[in-house]
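1. I need the structure of the sequence given here:
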Amino acid sequence: MNARRTFLKQASLMAGASLVIPSFAFDKVSNTVGLQLYTLRDELPKNVQGVMEKVAEAGYKEVETYGFTDGKFWGLTPKKFKALLKANGLKAPSGHYLMDAYSKSGNTDKLKADIEAAAIIGGKYFTIAGAHVDTKKGIDGFKKTASDFNKVAELAKNAGLKFAYHNHDFEFKKLGDITGYDVFLTETDKNLVNFELDLYWVARSGNDPLALFKKYPGRFPMWHVKDMDKAKPEQNTEVGKGSIDFKSIFVEAKLSGMKHFFV
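-> Purely as a prediction, here's the structure:
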């Protein structure tokens, strides 16, 4: 897909999100549609400045970063990337990072560098995009990772950031009467650990976001709003064209604690 088609698609995602979300759902919650920069992963390494300009031209005000590598965001230091965001009227309240090295060895060097970068660019949330879990240990494996979340959340807090975890679907596999995701939510400090709920992955796992909101109110300050293809559930599709009932979900945005969402 060429760059023009990609940007047109992102613009349509924002328009689609606006159409499926009832206006009354935004009582005291964000109505700003943010963009996951991961959706532009093919274009960003080629021309980060041009891409960010087009993101702003498409009408976005918030983005979620990813790909901080070797001390840079697509060749730019955190300070220079922050300046690029500011020049285009953009903010990055969240960014995706990993903590696998810490979970496996306890080494915090990479983790601290990532947290510092997230703070420099003006982030609010230090978001872990996917966690290493020793699933062979069942519930105990998830408890170990939940404990790691609490520790990393303390590091993030010391830098003025909030910690969040972004789910996929493996967390929803049954472990007796509960799931790994239940373990994450019950074994973490609710004052430190937040969750970025990916609505597509929840739906694909066969679970109901509304049930999670009711069971764990206020724990989900961020959402990923991606639709599920009706014919091929293993694939995403444009918001409003798939099988997920976003209107019923957004009605409970306040209950969930949602402050930001990204398409």
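2. what ranges do the strands span in the stretch 1-150 of the chain?
-> 33-36, 62-65, 68-69, 72-73, 91-97, 125-128 (DSSP state E, counting those that start in this stretch).
3. Can you tell me which of those strands is nearest to Phe246?
-> strand 33-36 (12.1 Å; Cβ to Cβ). All C-beta spots, glycine's among them, are computed from the backbone N, C-alpha and C.
4. Please produce JSON lines containing the strands of the stretch 1-150 of the chain, extended by mean neighbour count, distance to Asn158 and mean pLDDT.
-> JSON lines is the format used below for those (neighbours: other Cβ atoms under 10 Å; distance: least, Cβ to Cβ, whole Å; pLDDT from 0 to 100):
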{"stretch": "strand 33-36", "mean neighbour count": "22", "distance to Asn158": "26", "mean pLDDT": "94"}
{"stretch": "strand 62-65", "mean neighbour count": "24", "distance to Asn158": "21", "mean pLDDT": "98"}
{"stretch": "strand 68-69", "mean neighbour count": "15", "distance to Asn158": "19", "mean pLDDT": "97"}
{"stretch": "strand 72-73", "mean neighbour count": "20", "distance to Asn158": "22", "mean pLDDT": "98"}
{"stretch": "strand 91-97", "mean neighbour count": "23", "distance to Asn158": "16", "mean pLDDT": "99"}
{"stretch": "strand 125-128", "mean neighbour count": "26", "distance to Asn158": "11", "mean pLDDT": "99"}
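5. so can I have CSV of the ones you listed showing distance to Thr145?
-> What follows is the strands of the stretch 1-150 of the chain, written out as CSV (distance: least, Cβ to Cβ, whole Å):
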stretch, distance to Thr145
strand 33-36, 23
strand 62-65, 22
strand 68-69, 21
strand 72-73, 27
strand 91-97, 15
strand 125-128, 10
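6. which one of those lies closest to Gly240?
-> Closest among those, using Cβ to Cβ: strand 33-36, at 12.6 Å.
7. now the strands for the stretch 151-263 of the chain?
-> 162-166, 174-175, 178-179, 193-198, 222-224, 227-228, 236-237, 260-262.
8. looking at the ones you listed, which one has the lowest mean pLDDT?
-> With a mean of 88, strand 236-237 has the lowest mean pLDDT of those.
9. How about residues contacting it?
-> Tyr200, Lys226, Asp227, Met228, Asp229, Lys230, Gly242 (Cβ atoms under 8 Å, 6 or more residues apart in numbering).
10. State the distance from Ala56 to Tyr181.
-> Between Ala56 and Tyr181 the computed distance is 35 Å (Cβ to Cβ, to the nearest Å).
11. Val193 is in contact with Ser147, isn't it?
-> No: assessed by Cβ atoms under 8 Å, Val193 is found out of contact with Ser147, at 10.6 Å.
12. Fine, thanks again, bye for now.
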